[in-house]
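A.B. asks: Give me coordinates for this.
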Amino acid sequence: MVRRPDPQERPLVHLIDGHVYVFRAFYAMPDMVAPDGTPTGATYGFAGTLLKYLAEHAVTHAALCFDFAMESFRNEVFPPYKATRGTPPEDLVPQFGLCAEVARALGVPVFARERYEADDLLATLAAKLVSQEADVVVVTSDKDLAQLVREDASVVLYDLARDATLDASGVRARFGVDPEQIPDYLGLVGDAVDNLPGVPGVGPRTASAALRAFRAIEGIPADPRAWAGVPVRGAARLARAIDHHREQALRVRELATVEREVPGVRCGLHSLAYRGAYRDRVSPLFERLGWRGIEARIARWRG
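C.D. replies: Residues are numbered from 1 along each chain as shown. Predicted structure coming up:
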């Protein structure tokens, strides 16, 4: 469980990767429909997850981030980006907007921006909040976001399904590199989920060993003699492969790097303070969705 905020400590802001948990709810919940025929299974599961999280973690500040659309500015740079994912199931498409509506009714601010992904919004919010002397926990299972983790623990990740917090030492234990090296790591190994190619013959262990020795893709030498002391097999082959695919690796690194300054995103501790659900919004919304009983699970109301 994420540590609970102490009034004597810095405020703790929970930034939730909404997209991840909408998809999880869709595949975990049975089919449900509202009186008007709109699919609601994922929305109901998402609402339950959000309510449970807010209550169990004594949340004082929070925000949810969603992908605005299936494509982002990264597709403009590299059209195959995420191309293997296909389109979301038909019954899921209308539920993204519903989940955002439910979150707002429950009192949690929602962020989404055209051309940007939820990852970029999470990164932007985290950077702004740390500059305002807050601590941040990013609630996600997305490994790419390990690049947000900070050495001073002002930003950590929390995987809700595994009930596991990932700090800087955890990033090093899992990936073999520092948090800020995660984009370089992905540039070398690729990311099949996002359809990003890796350097042929370079796996996680080789990538982490090379980055521990040379810090960044640009610093990895083409001369195998410079690899002396690096704990890898076939240094000559690896040096040639990385040098031959260096341009590709740098492009993948760029695509895997989150944007920390999404235009137009503004936030402050006051605007992200969690004060409870809006009764005048929840009741008509839940009635429209045909939900019974879940309203009783709301632990905190505004006013």
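A.B. asks: Quick check: buried residues in the helix or strand hosting Arg174?
C.D. replies: Counting by DSSP states H and E, the element that carries Arg174 is helix 168-175. Of the residues in helix 168-175, 168, 170-172, 175 count as buried by neighbour count, 16 or more other Cβ atoms under 10 Å. For glycine as for every other residue, the C-beta is placed from the backbone atoms N, C-alpha and C.
A.B. asks: Over to stretch 52-63?
C.D. replies: For stretch 52-63, the buried set under the neighbour-count rule, 16+ other Cβ under 10 Å, comprises 53-54, 57, 59-63.
A.B. asks: same thing with stretch 231-240?
C.D. replies: Using 16+ other Cβ under 10 Å as the test for burial, stretch 231-240 gives 232, 235, 238-239.
A.B. asks: Mind putting the residues you listed into JSON lines with pLDDT and secondary structure?
C.D. replies: Shown next, in JSON lines, are these (pLDDT from 0 to 100; DSSP: H, G, I helix; E, B strand; the rest coil):
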{"residue": "Val232", "pLDDT": "95", "secondary structure": "coil"}
{"residue": "Ala235", "pLDDT": "95", "secondary structure": "helix"}
{"residue": "Leu238", "pLDDT": "97", "secondary structure": "helix"}
{"residue": "Ala239", "pLDDT": "97", "secondary structure": "helix"}
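A.B. asks: Can you pick out the most distant pair from these?
C.D. replies: The distance between the two most remote of the buried residues of stretch 231-240 (Cβ to Cβ) is 9.6 Å, for Val232 and Ala239.
A.B. asks: Report all helices and strands that the host helix or strand of Gly45 contacts.
C.D. replies: When elements are assigned from DSSP H and E, Gly45 belongs to helix 41-56. Here helix 41-56 touches strand 12-17, helix 18-28, helix 93-105, going by 3 or more Cβ pairs under 8 Å, 6 or more residues apart in numbering; DSSP states H and E.
A.B. asks: okay, these, which one's buried deepest?
C.D. replies: The highest mean neighbour count among those, using mean count of other Cβ atoms under 10 Å, belongs to strand 12-17: a mean of 26.
A.B. asks: So what touches that one?
C.D. replies: Strand 12-17 has contacts (Cβ atoms under 8 Å, 6 or more residues apart in numbering) with 2-5, 50, 53, 57, 59-65, 108, 118-119, 122, 125-126, 129, 134-142, 145, 269, 272.
A.B. asks: Okay, angle between it and helix 41-56 too, please.
C.D. replies: Strand 12-17 and helix 41-56 are oriented at 170 degrees to each other (axes from the mean of the first three to the mean of the last three Cα atoms, to 10 degrees).
A.B. asks: Tell me the neighbouring strands of strand 12-17, and mark each as parallel or antiparallel.
C.D. replies: Applying DSSP bridges, strand 12-17 is found paired with strand 61-65 (parallel), strand 135-139 (parallel).
A.B. asks: CSV for those, including distance to Arg302 and mean pLDDT?
C.D. replies: Listed next are these as CSV, based on distance: least, Cβ to Cβ, whole Å; pLDDT from 0 to 100:
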stretch, distance to Arg302, mean pLDDT
strand 61-65, 14, 99
strand 135-139, 22, 98
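A.B. asks: would you turn the ones you listed into JSON lines with distance to Gly290?
C.D. replies: Formatted as JSON lines, the strands paired with strand 12-17 follow (distance: least, Cβ to Cβ, whole Å):
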{"stretch": "strand 61-65", "distance to Gly290": "23"}
{"stretch": "strand 135-139", "distance to Gly290": "28"}
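A.B. asks: quick one, which of these is packed in tightest?
C.D. replies: Of all these, strand 61-65 has the most neighbours on average by mean count of other Cβ under 10 Å, namely a mean of 26.
A.B. asks: and after it, which helix or strand comes next?
C.D. replies: Going down the chain from strand 61-65, the next helix or strand is helix 73-77, by DSSP H and E.
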